[in-house]
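Trainee: Have a look; sequence and predicted model below, questions after that.
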Amino acid sequence: MTKVIEADRGFKVWWHLTRPHTLTASFVPVFLGTAIALAIEKQTIDFGLFFAMLIASMLIQAATNMFNEYYDYKLGLDNENSVGIGGTIVRHGVQPKTIMMIALSFYAIAMLLGIYICASTSWWLAAVGLVCMLIGFLYTGGPYPIAYSPFGEIVSGAVMGMGIVLIAFYIQTLTVTLDAVLLSVPSMILVGAIMLSNNIRDIVGDTEGGRKTLAILVGRDNAISVLSGFFIVSYLWVIALVAIDGITFWALIIFLSVPKPLRAIQIFRDKKEAKEVMPAMKFTAQTNTFFGFLLGIGLLIQYFFY
């Protein structure tokens, strides 16, 4: 019985290292890009490519989280009381080099999957994939970490939001259309929102650590207003696409997710301590998940039933 409990605890340590609440930021864009290919372009889906892209994206996201764990520890930014980290190093005594080796192993597996994807579609994607992986490393690694700058939101949104949607679309259609680009914009914004909510939570510690995030530059209250703007623009964007671009009205089922961003903003307004605003982080991530999933479902309803 003791061994079972220890094994379960060990699994939880490694599972938390991946920061599973962030993995939807890689899953949802793949689903959305594939749904756009099916619903808008009437493309037959290659499920081998879909699952290869899905697994590769999640591996890159998990590895990026591990790089974050490694470099934040090396820079002295994480300690046993830090909130929102995997805690594998500072709480469970795992060697930093072990974390780095796992992250690089995830990258290696993602590269093998990338080779399969490129061989089935276009080798130009190899350059795109390598750039995405490099950005994942440089997000917290290198001499000028992106995550510690005011550009964290736009870079994470462009790569993990819009970029993944368009790659998932491309591998099914071998093209990128204006509709695909327009439909990927909310994903870009909401992935950036996840990063911004993280920076709002960590604003005190990040300021002490010398970071220059967007939340620090504009101040906490203004950062919450910017986050609200991210949410509002995402929903208005889809309304505009339905009204102007002729996207199916079923896309408006995204409004079923509205309670999530409302709760996130309410908590950020009412609470300030890092532990107290953790639910707001969860609601922000869920906004991205439910919004993207519902948008994809709306497109699929149009395809299958109309």
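Mentor: Arrived safely. Note that the structure is a prediction, hence the values are computed from the model and not measured.
Trainee: alpha carbons only for contacts and neighbour counts from here, please
Mentor: Fine.
Trainee: For this protein, just list every one of the helices.
Mentor: Using DSSP state H, the helices of the chain run over 2-17, 24-39, 47-74, 96-120, 124-138, 152-156, 164-173, 178-201, 203-208, 214-218, 220-240, 259-270, 278-305.
Trainee: For the fourth one, name the packing helices and strands.
Mentor: Secondary structure elements in contact with helix 96-120, counted by 3 or more C-alpha pairs under 8 Å, 6 or more residues apart in numbering; DSSP states H and E, are helix 47-74, helix 124-138.
Trainee: Pull out the buried residues from it.
Mentor: The neighbour-count check on helix 96-120 (16 or more other C-alpha atoms under 10 Å) flags 96, 99-100, 103-104, 106-107, 110-111, 113-118 as buried.
Trainee: what does the last one give?
Mentor: Using 16+ other C-alpha under 10 Å as the burial criterion, the residues of helix 278-305 that qualify are 278, 280-300, 302-303.
Trainee: cool, and the third one?
Mentor: The neighbour-count criterion (16+ other C-alpha under 10 Å) identifies 49-50, 52-73 as the buried residues of helix 47-74.
Trainee: Then the second one?
Mentor: Buried positions in helix 24-39, judged by neighbour count with 16+ other C-alpha under 10 Å: 24-39.
Trainee: Tell me the helices and strands packed up against it.
Mentor: helix 47-74, helix 164-173, helix 178-201, helix 278-305.
Trainee: Of all the helices and strands packed on helix 96-120, which one is nearest Y144?
Mentor: Nearest of the helices and strands packed on helix 96-120 to Y144, taken as C-alpha to C-alpha: helix 124-138 at 7.7 Å.
Trainee: helices and strands around that closest one, which ones?
Mentor: Checking 3+ C-alpha pairs under 8 Å, 6+ apart, helix 124-138 ends up next to helix 47-74, helix 96-120.
Trainee: what sits up against that helix?
Mentor: The contact list for helix 124-138 (C-alpha atoms under 8 Å, 6 or more residues apart in numbering) reads 60-61, 63-64, 67, 107, 114-115, 118, 144-146, 159.
Trainee: Now the two most distant members of those.
Mentor: C118 and Y144 (30.6 Å).
Trainee: For M58, which residues are in contact?
Mentor: Going by C-alpha under 8 Å, 6+ apart, M58 touches 23, 26-27.
Trainee: Out of these, the closest to I265 would be?
Mentor: Using C-alpha to C-alpha, these come closest to I265 at L23, 21.7 Å.
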